[in-house]
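Visitor: Okay, here's the prediction I keep looking at, along with the sequence it came from:
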Amino acid sequence: MQDEEAGKAGGLKAVLTGQLRNIAPVFTLLVLLIFFSAASPSFLTADNFMNILSQVSITAIIAVGLTFVILTAEIDLSVAAIANAVGISLAYFTLQPEYVNIANLPLPGVIAIVLTLATAVAFGMVTAFGVTYIGIPSFIMTLAMMQIANGVSALLVRGQIAYNYPDLITTLGTESVFGVRWTIIVAVLFLAGGHFVLKYTRYGRYIYMTGGNREAAEYSGVNVKLIIGSVLVIGAVCSGIAGMLAVAYFGSAQQNQFDTYLLDAIAAVVVGGTSLFGGRGGIGNTIVGLLVLGVLNNGLDHIQIDSFLKILIRGLILLSALVINVYAQRLREKS
Amino acid sequence: MNAQAKGGGGVPPLLELSGVSKSFGGVAAITEVDFVLSAGEIHGLVGENGAGKSTSMKVIAGVHTDYEGEMRVGGKTVRFRSARDALDAGIGMVHQELSTVPDLSVAENVFLGKQPLTRLGTIDWRRINREAKRLIASLGLDIDPTMTMGALPVGIQQLVELSRVLFSGARIIILDEPTSALSPPEVKRLFDVLRKIRAEGCGIVFISHFLDDVLEISDSVTVFRNGRTVTSEPAANLSKDAMISSMIGRGSIGMHMGESAELAGDDSRPVVMEADAVGDGKLLRDVSLKLRAGEITGVYGFMGCGQIELARAAFGKIPLQAGRILLEGQALSFHSTADAKRRGIAFVPENRSMMLFRNEPIYKNISIAILERIHRVLLKPDAERAIAQTHIDDLQIKTQGTDMELGALSGGNQQKVALAKWLTDLPKVLILSEPTRGMDVGAKEDVIRIIKKLRDLGVAILVLSSEPETILTLADRITVLRKGVVAREFNSGRIYKADLLSAA
């Protein structure tokens, strides 16, 4: 009898250690929700909930692509810079008001969107080429791409601000349907699509297996270079689409307006529990991570707190998530 | 004889082991080992893999501290608690895998960990370079001590490491397989250096599989078999054949599984894959090999002879620098392992962790190699599980089901999973590196049975191993590799373990 219970407790403990990376983020989210609800009456309202979703929707689209990349044990530091460059490209291909002094190339809306998407793909292809073909570590390669994308942004707008985009993008970025902002709907579609690809397709399986043990995947005849190259392209495309919606959402396209998105997107993926060592985690984790980040950023605005302290608090939350991430990996390897 | 006379006389031997035993988890690795090393002597140590050479030397070098029996250095009983202790007592070991730092200079490598300092506490570069130059020159080498270590040939690097051991004041030097990566002129230079050190009164233990080398350099030779010292004699009294027969045991020839084999190479069988003068630009040179349908071709050689590279080149993992690989008469160049797989080539590497996903369930481990045949885009996990289940039944994999995590299986069962990957659709060519290494007897027999069944189904199989028993048990014809070159081929007739050992 006693033995049986001991066995059960052992089993429960094993489940808990095995699932630490999934349980910890959900627990964090609950604690934050309870804390902010208690601390501020304006926090727990339907309006504010929609606010939070709307605030994380752009980050969410970037984070979907980044989840693919991190699952293969690579990293993409250029996501925010590419979002910025692609958003600016979209403005570049659209007719701007006369007072905007940019030597741009106005094209019909659909063509502008297609060309802009092609820009995003091109960024991704360059990264993929550098990482898989030349063999530059993704950390360094995407750092270079970040600088390159920032350079493209700078050259296209030359310090100016652009305001006009194709109608479709303006609608998606600014309007709502049945009281829900289009950006939220697009983000949900991306999250759902990403989840589907990762969990239910052959390609998704290859991503997990490549991240889990790259050598073993290669010895099993998986073309790991193709897998890694393709996730980097997916990462760039997701960033690009996020960038297009974001410039409409912001109402303007200019340099350096995505600076916080790199950290937010990486934080969302990692706080959610996707392993930095690859092969573990997924979109489910990223969703929890996005909510943790969204609730934290939003909640801190609802309580009386030094706005400069907020930055520090975000850093500490990210650090604790990293500790749990590494610790969860170690527990797994031990078992 | 000589050594014992010295031991009995006034001068105690440099090093003496008497009745030393060591076991790992109840399994005896060495039993009652006696060993005597005199000053000014080069002492060869031979024996098969696992015969106890390395374990004995690790006891001497202070790596294994938990043993029974007695060790005396210079007549005094010692018991080392660490490798540091052994080094302080003047015992240094140069391992088979070099422990030099390729990005540092030669001089830095010589003084690694104990650089002389100036009065200001900074590194005394002038002294380091001067002293290193002197040390290296004393070994008869003329190298610039400021050169980067990695830029030097392996043979020279090894000598630099040896000079580090000498510099630390070692009087007893243990060399583990020092010649395995060396070309003949490099071997000659090493031997010149060793003779020089011997003349200075050091004692040298020379562990090697290369029996000709052992005979050439050693003053006396000790043979290990099954964890015991079988014989210890002056080298002048020994021949290569005599050593081989003590290593594998007199009278046992042909008595046990894997001691001999009747080869049945049949030239009328169609050639499926062919290596034609293949080279990898480093170790492999001019290796030609034919794999025939329904035959197992064995490639035997000591560790580091190039089997590992050959297997990878055939699976598209490392690029060829010379020669070509033909599949069914057609020259191929693989851009990736996926390419090789598509052509019907399958590979199981020597290290299971290289091709298995410990944290994933068994069925995903099996299906990863055949996903594209099960489903085009969407996954069908039930189909994967069904396929996995048939393999679990066929290969008698001991598991609680298809969803058990792979890491929970025993080594032998993991190896079966690694094989199962390739068995859903039979490959044309199956390449197996060390297929039975580290397995218990039961699992070994199962794996051997599976491989032979695949051969009978018409698969062309390449088995590469440094264990002669594995090769003799499986192969229909045998190619022996030695330092990256084909040393000998056996195609038919009865062949004994001794033949393999003397050919390699």
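Guide: Sure thing, it's come through. Residues are numbered from 1 along each chain as shown, chains lettered A, B, ... in the order given.
Visitor: Any stretches of the stretch 1-150 of chain A with poor pLDDT?
Guide: Where the stretch 1-150 of chain A drops to pLDDT under 70, the residues are A:1-12, A:14-18.
Visitor: quick one: the helices in it?
Guide: Taking DSSP state H, counting those that start in this stretch as the criterion, the stretch 1-150 of chain A carries its helices at A:2-18, A:20-39, A:46-71, A:79-92, A:109-128, A:138-157.
Visitor: right, so of those, which gets closest to residue A:180?
Guide: helix A:46-71 (7.3 Å; C-beta to C-beta). Yep, even glycine has a C-beta here, placed from its N, CA and C like the rest.
Visitor: Run the chain-centre distance for stretch B:99-108.
Guide: 24 Å (C-alpha atoms, centre = their mean, to the nearest Å).
Visitor: how close does residue B:171 get to residue B:100?
Guide: Relative to residue B:100, residue B:171 is positioned 22 Å away (criterion: C-beta to C-beta, to the nearest Å).
Visitor: Then residue B:57?
Guide: According to C-beta to C-beta, residue B:57 stands 20 Å off from residue B:100.
Visitor: what does the stretch 201-335 of chain A have sitting close to chain B?
Guide: For the stretch 201-335 of chain A, the contact set with chain B under C-beta under 8 Å from any C-beta of the partner chain comprises A:201-206, A:209, A:212-213, A:215-223, A:225-226, A:279-280, A:332.
Visitor: And for the residue nearest to residue B:75 when sequence neighbours are not counted, the neighbour number?
Guide: Nearest residue to residue B:75, sequence neighbours excluded (C-beta to C-beta, 6 or more residues apart in numbering or on different chains): residue B:12, at 3.0 Å. By other C-beta atoms under 10 Å in any protein chain shown, the residues close to residue B:12 number 18.
Visitor: and residue B:12, that's in a strand?
Guide: No. Residue B:12 sits outside any strand when classified using DSSP: H, G, I helix; E, B strand; the rest coil, being coil.
Visitor: Check what pLDDT it gets.
Guide: Model confidence at residue B:12, expressed as pLDDT, equals 84.
Visitor: Same check on the one 10 residues further on?
Guide: Looking at residue B:22, its pLDDT is 90.
Visitor: Could I get the contacting residues of it?
Guide: Residues in contact with residue B:22 (C-beta atoms under 8 Å, 6 or more residues apart in numbering or on different chains) are B:28, B:29, B:30, B:55, B:59, B:64, B:66, B:67, B:68.
Visitor: Buried residues, whichever strand or helix holds residue B:288. List them.
Guide: Assigned by DSSP states H and E, residue B:288 belongs to strand B:287-292. Of the residues in strand B:287-292, B:287, B:289, B:290, B:291, B:292 count as buried by neighbour count, 16 or more other C-beta atoms under 10 Å in any protein chain shown.
Visitor: what does stretch A:37-55 give?
Guide: So, applying 16+ other C-beta under 10 Å, buried residues of stretch A:37-55: A:40, A:43, A:48, A:52, A:53, A:54, A:55.
Visitor: how long is it end to end?
Guide: In stretch A:37-55, first residue to last residue: 18 Å (C-alpha to C-alpha, to the nearest Å).
Visitor: Pull the distance from that stretch to the chain's centre.
Guide: 22 Å.
Visitor: Name the surrounding residues that touch that stretch.
Guide: Stretch A:37-55 is contacted from outside by A:33, A:36, A:179-181, A:183-184, A:187, A:291, A:294-295, A:297-299, A:302-303, using C-beta under 8 Å, 6+ apart.
Visitor: Quickly find the element holding whatever residue of the stretch 1-150 of chain B ends up closest to chain A.
Guide: Nearest residue of the stretch 1-150 of chain B to chain A: residue B:103, at 17.7 Å (C-beta to the nearest C-beta). Residue B:103 is part of no helix or strand when elements are defined by DSSP H and E.
Visitor: Could you double-check that it sits in contact with residue B:109?
Guide: No. In this structure residue B:103 lies outside contact range of residue B:109 using C-beta atoms under 8 Å: 9.9 Å.
Visitor: ok and the residue in the stretch 351-500 of chain B nearest chain A?
Guide: Closest to chain A within the stretch 351-500 of chain B is residue B:355: 4.0 Å, counting by C-beta to the nearest C-beta.
Visitor: actually chain B, sorry about that
Guide: At 2.9 Å from chain A, residue B:341 is the closest residue in chain B, using C-beta to the nearest C-beta.
Visitor: Could you pull up the residues touching that residue?
Guide: Taking C-beta under 8 Å, 6+ apart, one finds A:220, A:221, B:369 in contact with residue B:341.
Visitor: Present those as CSV; the columns should include neighbour count and secondary structure.
Guide: CSV is the format used below for those (neighbours: other C-beta atoms under 10 Å in any protein chain shown; DSSP: H, G, I helix; E, B strand; the rest coil):
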residue, neighbour count, secondary structure
A:220, 30, coil
A:221, 25, coil
B:369, 24, coil
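Visitor: and these as TSV, adding pLDDT and distance to residue A:173?
Guide: Formatted as TSV, these follow (pLDDT from 0 to 100; distance: C-beta to C-beta, whole Å):
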residue	pLDDT	distance to residue A:173
A:220	91	43
A:221	90	44
B:369	89	45
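Visitor: Reformat the residues you listed as JSON lines; add distance to residue B:407.
Guide: Shown next, in JSON lines, are the contacts of residue B:341 (distance: C-beta to C-beta, whole Å):
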{"residue": "A:220", "distance to residue B:407": "17"}
{"residue": "A:221", "distance to residue B:407": "22"}
{"residue": "B:369", "distance to residue B:407": "19"}
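Visitor: so what's residue 180 up against?
Guide: Just going to use chain A. Applying C-beta under 8 Å, 6+ apart to residue A:180 gives the contacts residue A:50.
Visitor: wait, I meant chain B there
Guide: Contact analysis of residue B:180 by C-beta under 8 Å, 6+ apart lists B:96, B:208, B:209, B:210, B:302, B:303, B:304, B:305, B:483.
Visitor: quick revisit: let me know the closest of the buried residues of strand B:287-292 to residue B:275.
Guide: Of the buried residues of strand B:287-292, the one sitting nearest to residue B:275 (C-beta to C-beta) turns out to be residue B:289, at 4.3 Å.
Visitor: these two touch, right, that closest one and residue B:306?
Guide: No. Residue B:289 is beyond contact range of residue B:306, at 11.6 Å (criterion: C-beta under 8 Å).
Visitor: Find residues that contact each of residue B:103 and residue B:109.
Guide: Common neighbours of residue B:103 and residue B:109 (C-beta under 8 Å, 6+ apart) are residue B:149.
Visitor: and those two? which has more neighbours close in?
Guide: Using other C-beta under 10 Å, the more surrounded residue of residue B:103 and residue B:109 is residue B:109, with 24 against 10.
Visitor: so which strand or helix has that one?
Guide: For residue B:109, the element it lies in under DSSP H and E is helix B:106-110.
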